[in-house]
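1. quick one: sequence plus predicted model below, questions after.
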Amino acid sequence: MNIFIDSSFSKLVDKNLIYELLSISPYAQLIIDRVNVYCLESEIFDLICPPKKYIDPTCLREKRCVIQKMVASINEVSEFIETVLRDFWRHISECERPWANRGCYVHLDPKDVSILRDKGIQAHIGPSILLAIDRVQESADKINRKLNIEERDTFKKF
């Protein structure tokens, strides 16, 4: 296993911490010898593991009445079903929000390796775990505030 840690995170993460965290997971123990781990800034991470989209349930609840009326109109005016469905999906898509991952498990291909090497990262083809350390830290900080954990211990507790 090769471990790459972006220099901007060297005070937060070291190789021992990565080994310790991976040893907690039974699944990670099965693959630990066959994967590389990359601790990256989110901008670089997103090049390989782009943000996904999800439907925000709060937004959907806010549009509930409009959507219910549209569904009811499908029964009433069947000849305009395409227009109603197009409007329906427009309302649903307005509730799409980006979801930025903190980590992903991928098989780096030559294109991915080239992208990472262009950013100064000695990447290797094959199974890899990518971590967006700044996002992990941000999540840890939020947990810290909620649980009143001392800041110096935040990352290790997370």
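-> It's in.
2. use CA for all of it now, contacts and neighbours both
-> Will do.
3. quick check: Tyr28 vs Ser114, distance?
-> Slight slip there: residue 28 is Ala, not Tyr. Separation of Ala28 from Ser114 (Cα to Cα, to the nearest Å): 26 Å.
4. quick one: the strands in this structure?
-> Counting by DSSP state E, the chain has strands at residues 3-5, 36-40, 52-55, 96-99, 103-108, 126-132.
5. tell me which of these sits most buried.
-> Each of these was scored by mean neighbour count; the highest is strand 36-40, a mean of 23, by mean count of other Cα atoms under 10 Å.
6. which other helices and strands does that one contact?
-> Applying 3 or more Cα pairs under 8 Å, 6 or more residues apart in numbering; DSSP states H and E, one finds that strand 36-40 contacts strand 3-5, strand 126-132, helix 133-147.
7. those: which one's closest to Leu108?
-> strand 126-132 (5.1 Å; Cα to Cα).
8. quick one: strands adjacent to the closest one?
-> strand 36-40 (parallel), strand 103-108 (antiparallel) (DSSP bridges).
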